[in-house]
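**Q** how would this look folded up:
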Amino acid sequence: MMMEDEQHTASPLIAKISFHKVLEILEDIALSDVDYRADYAKALLRHAAPYPELRDGIDDIALLEKHKGLIKNLLADLFPTALTHNEIKAAGIPFFNVTFNHTERFNKILKNAGQDFGINIRNLDEHQFYVFCCCLILNDYYGQNLDFSKPLFYDIPDENGVMKHYRILYNGDFLELLPTEKAVKLTPEDIDQLLSNYDNLELWREKFPEGSWICKGFGIVSLFDATTESAISNLKTNLLVNDGTKKEKKENFEGIFRSIFKIEDLRIGFTEINLEDNVFKLAPFKDIKSYILSGSKEMDCNNMFCSESLKKILDERQYFVLSDVEKFRDENPVEARFLNHLLDQDIKSCILAPIIKNEKFYGFIELVSARAKELNSINANKLGYVLPFLTDTIERYYSELQNEVDAIIQNEYTAIHHSVYWKFREEALLHVQAKNNSQAYKEIVFKEVYPLYGQIDVKGSSTARNESTEKDLILQIGKLIDVFRFIFKQEKLPLIEQHLYELENIEEQLGKELKADTESTIQNYIISEVHPVLQHFESANSDIHQRIENYFGTLDSKVKMVYDSRKDFDDTLSIINKQMAAVLDEKQKEAQSFFPHYYERFKTDGVEHNLYIGASISPKHPYNPLYLNNLRLWQLQAMCEMENEYYKLRPSLRYELDVTSLILVFSTPISIRFRMDEKRFDVDGTYNARYEVVKKRIDKSNIKGTKERITQKGKITIVYTQKKEEIEYRRYIQFLQHRNMLGNVIETFDVEDLQGVTGLKAMRVTINYNTNEKADGTYSYEDLLKELEHKG
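**A** Model prediction:
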């Protein structure tokens, strides 16, 4: 006898293990004309006669062990000795974790699992156990034909600890259900109420009080090893395959569910849900329709369900079961619109099951029938087993769809900022669903947007770059002259003397002003003419070989040139750009929360950024001009913080470089168009191009009538054209002066005329740097360099 973990204590059934039906069969055999069968039956009846509990019912589990041998003989016809090592079988009470009279194979499985292992039916909780026991009574005593079965499994490890999964089958031919005085007499209305309220355990307890029925007899428990198979494994290969050449997929898909639910004309649908927009959408699946939408491509959630039903299916994320659509409509007139919508499609009962994976709500699987009560809250529980396969398949499909959409965006557009991603996805999805892919890709345009431009420029970067290059060239030419002089002392070759002469001339030129092509000319000469000569002499005597090897050891392994000063400059510029961009990107997270807007930045000799804000960028959010004002103030403040970041960074840098800051104000809304050929946004239209002209040339402009640049280190320059813009920015400046981020003096001046652009004005104000920064707030150049190398 095996008594597993007794987890289900509450039940409407009192289990009385009895062999009365077996004894009655033996009594019939004892009266037969077949002598050996009659003698065998009489002998068993004689041995059982002293123990009336075998017929009346056993309450004490210990008696099973006492009568173990006799019980084995009584059940010998049901448990043939010849099959004891093949069959996995035992006697017991269905759903109760008590089994006895195991076959040898069953005993071996239990032994391999270990003495401490207690087997339980997988995923059979107290609620299911209680309701299933009630359903046994409804079918056996009240003549109902409820299909409450679902695949039941024992999970039992083998001798190696590998978990094996055994499907459980019950035979109840030797059971009968008898009411006690506590049993409640049920009416047809009571039964209908139960069919629609599987989840209401209190109702089931009310109609079937605990211990109100006797389950007399025993059942036969048969197991088969289902570890490598599943009754619904076909779902993995048949669910929602997006293949237009295999129209049989829908029939296969519905056929699987018809087998599971035993409903020959069961129909299956799916409706996608977008919780962000609160809409139901037609899913992009081949040959799978939506019964919720029924011909519509999209519908607002609130137009379809009342709030109570929405709460159950959306908020609680539970099954929505209608076992009788017509009856539910009569009882809930507020939902008549939706219910009539179902009835128009000949849907008399249905189940809507939410598809959720990793907290993402994909939509509903729809099971519908043309007959009332065919689908109900009881057989809805079958979905609990098949839903994981269904969910995985749908998640995989949407993942593949997203990859396809992203591939189109990436290939046909570019990496897109999240604020405008919705527009590109919309266009790409239309292209995916078209399937013929013959239509041209549409250019994306956002109209009536306000531009904001800002830059922090590394002042004098070109001069510093040239100086660092010149230092490296001078150092390398000096090294080469030393090597060639050493070689010439030992090898009096005219060619060596010629190269020595040319190198000395180059050294002399480097002492003068560098021309634009000097660097590339010298580099090409060294690599293509000088180095091959040195490589030839590497096989000479050991002294020459060592000199040449020492020279090559001082060169950068990639460019084969001295790269010391220039590397310091390049690293310094990269560190500045990285730190400035990091501050701006971090600040952008805050700015996007105010109102979604397009943002892009570029790292050159400094950091530039473009912002575009307007109703067309984010049509789902109500736009107001105050969001433009807010973004302008945010931009000015962000520039101050970037300048302070540089102030903190500057002492650790190898190169003495300064930065200048500039903001361009443009109050006229423009249109931006995504250029398919250039994979970027650009202003749209001739008039709007004026903005781009100003943006490209303004930072190198002078104050009108002078040679002084409009930008200066330690100051922010704000360029504008209209008086109202000056007034607006003076307010922002005063606020930041109050916060001690800007100095008290504001300079105003006219900007020199640009090609085709006149009337520009500018303000310039000093930045207050945070001089109270603690020592641990500064940077180490070595740490910055390590981080730079790690990321790039």
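**Q** ok, now which ones touch Thr271?
**A** Phe280, Lys281, Leu282, Ala283, Ser290, Tyr291, Ile292, Leu293, Gly363, Phe364, Glu366 (CB atoms under 8 Å, 6 or more residues apart in numbering). Heads up, the C-betas are built off the backbone N, CA and C, glycines and all.
**Q** what's the answer for Arg329, then?
**A** Counted by CB under 8 Å, 6+ apart, Arg329 has contacts Glu335, Ala336, Leu339, Asn340, Leu343.
**Q** so which strand or helix has it?
**A** helix 325-331 (DSSP states H and E).
**Q** determine the set of other helices and strands touching whichever strand in the chain runs longest.
**A** Taking DSSP state E as the criterion, the chain has its longest strand at strand 445-459. Other helices and strands packing on strand 445-459, by 3 or more CB pairs under 8 Å, 6 or more residues apart in numbering; DSSP states H and E, are helix 565-594, strand 606-613, helix 625-649, strand 658-665, strand 670-675.
**Q** got the buried residues for the third one?
**A** This means helix 625-649. By neighbour count with 16 or more other CB atoms under 10 Å, helix 625-649 contains the buried residues 627-628, 631-649.
**Q** over to the longest one?
**A** If you call a residue buried by 16+ other CB under 10 Å, then helix 565-594 has these buried ones: 565-566, 568-569, 571-581, 583-584, 587-588, 591.
**Q** buried subset of the contacts of Arg329 as a ChimeraX selection?
**A** Buried subset of the contacts of Arg329, written as a ChimeraX selection, criterion 16+ other CB under 10 Å:
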select :335,339
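**Q** nearest to Ile670, of the contacts of Arg329?
**A** Glu335 (49.1 Å; CB to CB).
**Q** which residues of the stretch 651-792 of the chain score low on pLDDT?
**A** Across the stretch 651-792 of the chain, residues meeting the criterion (pLDDT under 70) sit at 675-689, 772-792.
**Q** and the helices in it?
**A** Remark: helices assigned in the stretch 651-792 of the chain by DSSP state H, counting those that start in this stretch are 689-697, 723-738, 781-791.
**Q** just the CA coordinates for the shortest one, please, in CSV.
**A** As requested, C-alpha coordinates have been extracted for helix 689-697 and formatted as CSV (Å, rounded to 0.1, in the frame of the first residue of the first chain):
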residue,chain,number,x,y,z
ALA,A,689,16.7,75.3,-45.5
ARG,A,690,17.5,78.8,-44.1
TYR,A,691,17.6,77.1,-40.6
GLU,A,692,20.2,74.6,-41.8
VAL,A,693,22.4,77.3,-43.4
VAL,A,694,22.5,79.3,-40.1
LYS,A,695,23.2,76.1,-38.1
LYS,A,696,26.2,75.1,-40.2
ARG,A,697,27.9,78.5,-40.3
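**Q** where does Phe285 sit: helix, strand or coil?
**A** Using DSSP: H, G, I helix; E, B strand; the rest coil, the three-state assignment for Phe285 comes out as coil.
**Q** re earlier: I'd like the next helix or strand past the helix holding Arg329.
**A** In the C-terminal direction, the helix or strand that comes right after helix 325-331 (DSSP H and E) is helix 336-343.
**Q** who does that next one touch, helix- and strand-wise?
**A** Looks like helix 336-343 contacts helix 325-331 (3+ CB pairs under 8 Å, 6+ apart).
**Q** tell me which residues of the helix it packs on are tucked away?
**A** Those would be Val325, Lys327, Phe328, Arg329, for helix 325-331 by 16+ other CB under 10 Å.
**Q** how deep is Leu13 tucked in, by neighbour count?
**A** Look at Leu13: counted by other CB atoms under 10 Å, it has 24 neighbours.
**Q** mind checking pLDDT for it?
**A** According to the prediction, Leu13 has pLDDT 92.
**Q** just Lys236 next, same as before
**A** pLDDT at Lys236 comes out at 55.
**Q** could you do Lys382 as well?
**A** So, for Lys382, pLDDT stands at 83.
**Q** then Ile29?
**A** For Ile29, the predicted pLDDT is 91.
**Q** ok, Leu742 to Ser701 distance?
**A** From Leu742 over to Ser701 the distance is 22 Å, taken as CB to CB, to the nearest Å.
**Q** one more: Tyr166?
**A** 83 Å.
**Q** what do you get for Asn139?
**A** 90 Å.
**Q** and the helices in the stretch 1-150 of the chain, which stretches?
**A** Ranges of helices in the stretch 1-150 of the chain, per DSSP H, counting those that start in this stretch, are 20-30, 35-48, 53-56, 62-66, 68-74, 104-113, 126-140.
**Q** mind putting the ones you listed in TSV, mean neighbour count included?
**A** Formatted as TSV, the helices of the stretch 1-150 of the chain follow (neighbours: other CB atoms under 10 Å):
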stretch	mean neighbour count
helix 20-30	16
helix 35-48	14
helix 53-56	16
helix 62-66	14
helix 68-74	16
helix 104-113	17
helix 126-140	20
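**Q** how about those, which one is nearest Lys492?
**A** Ranking these by proximity to Lys492 (CB to CB) places helix 104-113 first, at 91.6 Å.
**Q** tell me what that closest one is packed against?
**A** strand 88-92, strand 153-157.
**Q** from the middle of its chain, how far away would it be?
**A** With CA atoms, centre = their mean, to the nearest Å as the basis, helix 104-113 stands 43 Å off its chain's centre.
**Q** so what touches it?
**A** Defining contact as CB under 8 Å, 6+ apart, one finds that helix 104-113 is touched by 2, 84-90, 102, 117, 119, 156-159, 164, 166, 223.
**Q** give me the low-pLDDT residue ranges for the stretch 201-350 of the chain?
**A** Applying pLDDT under 70 to the stretch 201-350 of the chain picks out residues 227-252, 255-256, 259, 286, 302-312.
**Q** show me where it has its strands.
**A** With strands called from DSSP state E, counting those that start in this stretch, the stretch 201-350 of the chain shows them at 213-217, 219-225, 267-274, 279-282, 298-300, 320-322, 349-357.
**Q** report the buried residues of the fifth one.
**A** Looking back up the chat, that one is strand 298-300. For strand 298-300, by 16+ other CB under 10 Å, it's Met299.
**Q** biggest separation within the contacts of Arg329, which pair?
**A** Glu335 and Leu343 (11.9 Å).
**Q** could I get the helices of the stretch 1-150 of the chain as JSON lines with distance to Thr758?
**A** Output for the helices of the stretch 1-150 of the chain, formatted as JSON lines (distance: least, CB to CB, whole Å):
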{"stretch": "helix 20-30", "distance to Thr758": "108"}
{"stretch": "helix 35-48", "distance to Thr758": "117"}
{"stretch": "helix 53-56", "distance to Thr758": "112"}
{"stretch": "helix 62-66", "distance to Thr758": "105"}
{"stretch": "helix 68-74", "distance to Thr758": "109"}
{"stretch": "helix 104-113", "distance to Thr758": "90"}
{"stretch": "helix 126-140", "distance to Thr758": "80"}
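**Q** the ones you listed: which one's closest to Phe95?
**A** Using CB to CB, these put helix 126-140 closest to Phe95, at 5.6 Å.
**Q** which residues touch the closest one?
**A** Here helix 126-140 makes contact (CB under 8 Å, 6+ apart) with 7-8, 10-13, 94-95, 124, 144-146, 148, 172, 176-177, 191, 194, 198-199, 201, 204-205, 207-208, 213, 215, 378, 381.
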